[in-house]
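Participant: Below are the sequence and a predicted model for it; my questions follow.
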Amino acid sequence: MISISEAISIVKNNGKPLLKETIKAVEKANGYVLFKNVYAPINMPPFRQSAMDGYAINLHDHLSYNLIGEVKAGDNHQPILKAGDAIRIFTGAPVPDSANAVMMQEQVKLHENSITLEHSIPLEHNIRPLGEQVKAGDIALKKDTKLTPAAIGYLTSLGITEVSVYKKPNIALVTTGNELIEGGQDLGYGKIYESNSKMLLSALYSLKFYDVTIHKVADDYNKTVKKLDSVISTNDLVLITGGISVGDYDFVGKALKALNVEELFYKVKQKPGKPLFFGQKNHTKIFALPGNPAAALSCFYVYVFIALQKMMGRSAEELPRTQALSLSNFEKKGGRPQFLKGIYSDGKVEILDGQNSSMLQTFALSNALVYAPEEVSKIKTNNLIEVILLPN
């Protein structure tokens, strides 16, 4: 059994980008990471642009200017301004080559055919120069940049319609257990509704991983071997829930061994989620998560999240952590470090009741995991504690 820090380090050290390229339409590339540099095909802005509504002028030694015309956004004509001439202009409109400053309208007194400035202004005042953001041929965004809504808008403003990005992993979710049935079926005695696959699918979707398939297998050794062999050979990441302990009907560990999956670690000194397995075969990473739902989801956020980031070539490998003041008293049972469900807000966190690894009700209310290390037996109100902030 290894420590949490050792397990996290192993996941990081054995993760790397898939190095598979795919082309995505820019508007569908949010959350992806650039596979290669993107070069600007044009200058941005592509012309000298007015930074505000006002008057473009050809500067001279006086504050009065002759008003000779107007240019609004989208116009493509080029009025000729002599020294002392001005035109009405609007934000985003092209500034004529013969104008060398723009005065905002609030600082201008308008007459019938002329204007008077409140004060003098310098050359190029309120003019966005050609290529101010980026010049044609320069790198617009570097390789390995994660695309955000702002990045999508920026690339679109350059006229770019497609980008080369790292392909996201295809993922298989495998649930095990004879007791599991689908929602909508009659709940016979001894049966429970299967929730792990939908829970993990939702977690993956929230992180924008959509290439996911769900598989179910009974507690049968031969069937487990056959199913795991199939999904490992056809996916980049396999997440298995249940069947990884050492009970008579836990066949996942035996099946992974039979398939020659390299074990990177098995069992972590933590609560919940002690019976956690991480391994690999060829290019495929395999996590066998505990069957208890809250334990499975905790392990997903602490470990699987890291593997996903590494596969995408992202530098932010873990969920953000912060320090918070506890609003609760909590007594930890046992010597293992614990991940506790909590509600974090404004530098404070409430540790919730109902921390059992089989219970999701508390998890449904939480937005954070409180980390209680091995040496801490009690958390008291106003203690400073570490908090892992969950997505969304």
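Facilitator: It's in. All figures in this text were calculated on a predicted structure; none of them were measured in a lab. Numbering: from 1, shown residues only.
Participant: For Val225, give me phi and psi.
Facilitator: phi -60, psi -50 (degrees, to the nearest 10).
Participant: What strand or helix carries the nearest residue to it once chain neighbours are set aside?
Facilitator: Spatial nearest neighbour of Val225, chain neighbours left out: Ala255 (4.5 Å); criterion: CB to CB, 6 or more residues apart in numbering. Where you see a C-beta, it was placed from the backbone N, CA and C, and this is true even at glycine. Assigned by DSSP states H and E, Ala255 falls within helix 252-258.
Participant: which other helices and strands contact that helix?
Facilitator: With contacts taken as 3 or more CB pairs under 8 Å, 6 or more residues apart in numbering; DSSP states H and E, helix 252-258 sits against helix 221-234, strand 262-266, strand 277-281, strand 284-289.
Participant: Any chance you could list what contacts the second one?
Facilitator: Counting by CB atoms under 8 Å, 6 or more residues apart in numbering, the neighbours of strand 262-266 from elsewhere in the structure are 2, 6-7, 10-11, 14, 253, 256-257, 275-281.
Participant: Buried residues, it. List them.
Facilitator: Within strand 262-266, the residues that count as buried by 16 or more other CB atoms under 10 Å are Leu264, Phe265, Tyr266.
Participant: same deal with stretch 331-349?
Facilitator: Within stretch 331-349, the residues that qualify as buried are Lys332, Arg336, Pro337, Gln338, Phe339, Leu340, Lys341, Gly342, Ile343, Tyr344, Val349, counting by 16+ other CB under 10 Å.
Participant: if we can go back for a sec, and the helices and strands packed on helix 252-258, which is most packed in?
Facilitator: Compared across those, strand 284-289 shows the largest average neighbour count, a mean of 25 (mean count of other CB atoms under 10 Å).
Participant: Tell me the helices and strands packed up against the following helix or strand past that strand.
Facilitator: Per DSSP H and E, the first helix or strand lying C-terminal to strand 284-289 is helix 293-299. Contact here means 3+ CB pairs under 8 Å, 6+ apart; on that basis helix 293-299 packs against helix 196-206, strand 284-289, helix 361-365.
Participant: Need those in JSON lines (columns: distance to Tyr55 and mean pLDDT).
Facilitator: Formatted as JSON lines, the helices and strands packed on helix 293-299 follow (distance: least, CB to CB, whole Å; pLDDT from 0 to 100):
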{"stretch": "helix 196-206", "distance to Tyr55": "50", "mean pLDDT": "94"}
{"stretch": "strand 284-289", "distance to Tyr55": "62", "mean pLDDT": "97"}
{"stretch": "helix 361-365", "distance to Tyr55": "58", "mean pLDDT": "91"}
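Participant: out of the contacts of strand 262-266, who's nearest Asn66?
Facilitator: Nearest to Asn66 among the contacts of strand 262-266 is Val11, at 70.7 Å by CB to CB.
Participant: how about the closest residue in space to that closest one that isn't next to it in sequence, what does it touch?
Facilitator: Excluding the flanking residues, the one nearest Val11 by CB to CB, 6+ apart is Ile306, at 4.9 Å. By CB under 8 Å, 6+ apart, the contact list for Ile306 reads Ile8, Val11, Lys12, Gly15, Glu317, Glu318.
Participant: wait, which of the residues you listed is closest to Asp97?
Facilitator: Closest approach to Asp97 among those (CB to CB): Glu317, at 50.0 Å.
Participant: Next, count neighbours for that closest one.
Facilitator: Per other CB atoms under 10 Å, the neighbour tally for Glu317 reads 15.
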